[in-house]
Structure formats: C-alpha cells, structure tokens
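>>> how does the following fold in three dimensions:
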Amino acid sequence: MRAEIIFIGTELLLGQIMNSNAVFLGAELMSLGIDCYFQTVVGDNKDRIKQAFETALTRSDLIITTGGLGPTSDDLTTECLAEFFGEELVLDQAILEHIQNLFVKYNKKMAESNKKQALRPKTADVLFNSAGTAPGIIWQKSFQEKQKIILTFPGVPREVKTMWHEIAKPFLIDLLHKQSPNLERLYFKELRFYGIGESDLAEKVQDLLDKNDPTTAPLAGQDECRLRIATKAINQEIANQKIKEIELIINQRVGQFIYGINDESLESVVINKLKDKKQTISLAESCTGGLISKRLTDIAGSSACIGLNVITYSNESKINLLKVKPETLSSSGAVSEQTVLEMATGIINLAKTDWALAVSGVAGPSGEPIGKVFLALIKSDNSFREVKTLDLGFRSREEIRWKTSQEALAWILKTI
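Reported below is the predicted structural model:
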C-alpha cells in the first residue's frame, strides 16, 4: 500500500507553525509497513486543494490529510473532497451532539459556524475526534476504477495523535491483515548514545550499516547520536530476534556510550534511575538559568526525586541563599571550582537530598573565557564530591547552555 499525506494550511506554507504532524505520521506509516513516497503542503485555496487531491489519488492508495476541518470559512478540506467527488454533504447528528456537549462541558456558547464541523460526505464514515470538536472522515472511495482510502484529520497535533491511535491505526492494521494475512511490517529499535561523535560511531559499526536485513542507520541528534535497527517481519517476536543479534554486536563495540533506547532521553533515564534507587537530587544553577531543572521536571513523576532547585544567577543570591563565602567569590570568582563546590554544598544543606548538582559558567556573548563551565556533583554522605570542568569554546549562548545540560545529565547518570 502506498500512502500520501496532504497537509492543508497557509500557515504551514508561511512557516508560521512547525509541521510536527509530518514527523508523527511519517513514522507511524513506516511502522505499519506502508510506503509513503510523497508529502504535500498546500494553502487554504479550493482549486489548489482539489489539484493536490487529484495528484495524490492518481499515484497513491491511501490519502491522509491534516488541517482544514475547523469552523471558519478557510477550513475547506471536507467541502473540497465532497465537491471533488460530486458527493452531497450531510449533517451528522451524532457528531453535532458531541460538539454541542463539548461546549456545554467547557461552559461556552457554541457559534452557528461550528455546525459546519458536523458535515460529512454522505457515503463517508466519521473518524471520531474524542480530543476536540473537529472530526475527520474515513472514506473508502473508487477513483479511476481503483479503491482508495481517505483519512482526514484536524491540524492540531494532539488531536491527530488521539484520532490515529484510537481509530485510524486499528482500522489500517485490520485492513492490511485482510489484504495480506502474512504481511510483513517494519519493526525497529533505536539505541541512543552520548559521549561519542556520529562519525566515530559510524566507523565502529560500518559493516552493520552495509547490511540489508536488519538495516542499521545512524541518526544525528542535538549533542547525541542514535542508531536505528530496523527489519521487516510478520510479528514482533520474529523481529525482536533479528534486531537482538545486531544489538548485541553494537553493545560489544560501543556499549559504554549507550544510555537509552527509543524515546528515552537523558533526563528521563536520570529520573527513572533515581526512582529505582529511591534517591533524590537538588540543583543550583547559574549560567544554565534553570535549563537542567526544566528538563528533569518535564518528566512525569519527577517530583518523587527532585528536592529543591534554584537559579542563583547573581553573586548576592549565591551568598544569601547558598551561603557561598564572599571571599571565595572575590578570590576565585563566580566561575570557579571552589564556587560550584560551595553552591552544591549550600543546596544540599537546604534541600536535604541524597545528591546535589551545581553549575556556573560563562555562556556569553560577553565575559571571558566564553564556554568555560564548572559543574559540581556531591553526595550527602560525602562518598562522592567532584568537580567537572568544561571548555565548550566559542559557541552561541543557547548552545553552551544546552551542551552544559547534556554534560550534567550524563554525569549524574553515570555517577548514580
């Protein structure tokens, strides 16, 4: 089965919003073994939308659209599809009631224009949207004497994901199995690396990159690397066996740099490790401005292991809150080994946690030397008390902060 995705919305063409739906749907189609050869972005214009439909229907079996399902006059997807096929639009009472109930739930008055969202082509089925007011359609329709499948989604990524997982994906899996009971799907596993560069990693596994099945592909990230191992199989068990063989080889060669798999991040692995050990941590940040704290607290359940995090940007806050000695700041400076050790000691005394991390550095664009950063990590029982120095060079302020947060999280993970 060949799929094509049409993203509808002038705001996408103008770069006013990021098209995260492209990333999500592309990955989901790949996981189902459905080939997606084309993705098109088209503005809110009837003629151009219909032209995009005709092109996609001519060369693809499954057409997926996002956007254009709202209540305003420039939401044209359903209307254009009905006109393209010469199909009557009908008001779906069940959908209208769902929309009305949502407005009652949120204590808002429904505008007359919202009724438009309850319209569907007469022979199409509803792709229900439990996360919003804009339903889509599932339409199995003949075009040029060939059966086509059309799925429409709103543009809101959260709603797309909900509708996909609840209805569209099960529908497609069932359809694929009916067409071919022994259909092979694509399965994959990603290994995530920190502390090794992309070129060095590729060099150590080059023979695996040249294999056809399973395939191994390097993926670059922001200050980290990934290897995706992929294979086609009729079920997960067979795929796991094939993937495991490659994974074992990779572990033997570069296992010391692997920190996680698939969607795991450094921060999620750190939080899970702290939970497993029933330990807590507190942070005192200067140059990173709370970035490390944000990344850790973005993880659900992090409150179980986060004690007290503070941003002590000024010398006064370091002195008053963390009890850094004024003479330390005057003799060694705010960006120094002694200062971060005193910052870490101050926060662990305040928070009474098992661990404490402190960071101070020069993020630029002024100050010298730009990219010089000190990290201190200590344990409450004094069994661990170390300082790490980073020389990140002349990077942007944003890059220095991000790189520092990466180094901090990797160090915490390795140590605990």
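>>> only C-alpha atoms from now on, for both contacts and neighbour counts.
Fine.
>>> ok, and for stretch 188-204, which residues are buried?
For stretch 188-204, burial by neighbour count (16 or more other Cα atoms under 10 Å) applies to 188-196, 198, 201-202.
>>> ignore what I typed, I meant stretch 26-39.
Under the neighbour-count criterion of 16+ other Cα under 10 Å, stretch 26-39 has 26, 28-29, 31-36 buried.
>>> next, the distance between the ends of it.
9 Å (Cα to Cα, to the nearest Å).
>>> now do the domain split for the protein, please.
Listed by automatic domain parsing, the domain ranges of the chain are 2-179, 185-261, 266-415.
>>> avg pLDDT for the last one?
Averaging the model's pLDDT scores along domain 266-415 yields 96.
>>> likewise the first one?
The average pLDDT for domain 2-179 rounds to 95.
>>> what is the end-to-end distance of that domain?
14 Å.
>>> again with the second one
Its start and end residues considered, domain 185-261 measures 20 Å (Cα to Cα).
>>> tell me the mean pLDDT for it?
Domain 185-261 comes out with an average pLDDT of 94.
>>> how far off centre is it?
Computed by Cα atoms, centre = their mean, to the nearest Å, the chain-centroid distance of domain 185-261 equals 19 Å.
>>> tell me the one of the buried residues of stretch 26-39 nearest Thr280?
Set against Thr280, the nearest of the buried residues of stretch 26-39 by Cα to Cα is Glu28 (36.5 Å).
>>> next, the closest one: phi, psi?
Main-chain torsions, Glu28, degrees, to the nearest 10: phi -70, psi -40.
>>> over to Ile229?
Backbone torsions of Ile229, given as degrees, to the nearest 10, read phi -100, psi 120.
>>> the residue nearest to it when sequence neighbours are not counted: which element?
Distances taken as Cα to Cα, 6 or more residues apart in numbering put Thr216 closest to Ile229, at 4.5 Å, once the chain neighbours are dropped. For Thr216, the host element (DSSP states H and E) is strand 215-220.
>>> who are the packing partners of that strand?
The helices and strands touching strand 215-220, judged by 3 or more Cα pairs under 8 Å, 6 or more residues apart in numbering; DSSP states H and E, are helix 198-204, helix 206-209, strand 225-233.
>>> ranges for the helices of the stretch 51-200 of the chain?
Ranges of helices in the stretch 51-200 of the chain, per DSSP state H, counting those that start in this stretch, are 77-85, 93-105, 157-163, 169-179, 198-204.
>>> next up, the contacts around Leu322.
342-343, 345-347, 350 (Cα atoms under 8 Å, 6 or more residues apart in numbering).
>>> strands of the stretch 1-150 of the chain, residue ranges please.
Using DSSP state E, counting those that start in this stretch, the strands assigned to the stretch 1-150 of the chain run over residues 2-8, 35-42, 62-66, 89-91, 119-121, 125-127, 136-143, 146-153.
>>> and the last one, which strands flank it?
Each strand that pairs with strand 146-153, with its direction, by DSSP bridges: strand 62-66 (parallel), strand 136-143 (antiparallel).
>>> now do the residue positioned nearest the centre of the chain against Gly301, distance only.
Nearest residue to the geometric centre of the chain (Cα atoms, centre = their mean): Asp263, 7.7 Å. Asp263 is 17 Å from Gly301, where distance means Cα to Cα.
>>> do you have the strands of the stretch 251-400 of the chain handy? List them.
For the stretch 251-400 of the chain, the strands defined by DSSP E, counting those that start in this stretch cover 258-261, 281-285, 306-311, 355-361, 372-379, 385-391.
>>> which of the ones you listed sits closest to Ser317?
Across these, Ser317 has its closest neighbour in strand 306-311 (8.5 Å, Cα to Cα).
>>> list the contacts for the closest residue to Asn309 other than its chain neighbours?
Using Cα to Cα, 6+ apart and skipping the chain neighbours, the partner closest in space to Asn309 is Leu283 (4.6 Å). By Cα under 8 Å, 6+ apart, the contact set of Leu283 is 293, 308-310, 344, 347, 356-358.
>>> rerun that using 10 Å as the cut-off
Residues in contact with Leu283 (Cα atoms under 10 Å, 6 or more residues apart in numbering) are 290, 292-293, 306-311, 343-344, 347-348, 351, 353, 355-359, 376-377.
>>> hang on, the earlier thing: contacts for the strand holding Thr216, please.
Contact with strand 215-220 is made by 188-192, 197-199, 201-202, 205-211, 225-232, 243, 246-247, as judged by Cα under 10 Å, 6+ apart.
>>> rerun that using 6 Å as the cut-off
Strand 215-220 has contacts (Cα atoms under 6 Å, 6 or more residues apart in numbering) with 209, 226-230.
>>> top of the residues you listed by number of neighbours, please.
Among the contacts of strand 215-220, Leu227 has the most neighbours (other Cα atoms under 10 Å), with 26 neighbours.
>>> the closest residue in space to it that isn't next to it in sequence: neighbouring residues, count only.
Nearest non-adjacent residue to Leu227, counting by Cα to Cα, 6+ apart: Pro218, 4.6 Å away. Neighbourhood size, Pro218 [other Cα under 10 Å]: 18.
>>> next: Leu186.
Around Leu186 sit 18 other residues, with neighbours defined as other Cα under 10 Å.
>>> do the same with Gly290
When neighbours are defined as other Cα under 10 Å, Gly290 has 19 of them.
>>> check Ile261 too.
Neighbour count for Ile261, taken as other Cα under 10 Å: 16.
>>> please identify the residue most distant from the middle of the protein.
Outermost residue of the chain (Cα atoms, centre = their mean): Glu327, 45.1 Å.
>>> how much space between that one and Val41?
The gap separating Glu327 from Val41 is 61 Å, by Cα to Cα.
>>> report the beta-bridge partners for Leu127.
In this structure, Leu127 bridges to Gly136 when assessed by DSSP bridges.
>>> that one and Val373, how far apart?
Counting by Cα to Cα, the gap from Leu127 to Val373 is 52 Å.
>>> for Leu76, same thing?
Note on Leu76: its distance to Val373, by Cα to Cα, is 53 Å.
>>> who has more neighbours, these two?
Ranked by neighbour count (other Cα under 10 Å), Leu76 and Val373 place Val373 first, with 25 against 20.
>>> appreciated, that's everything.
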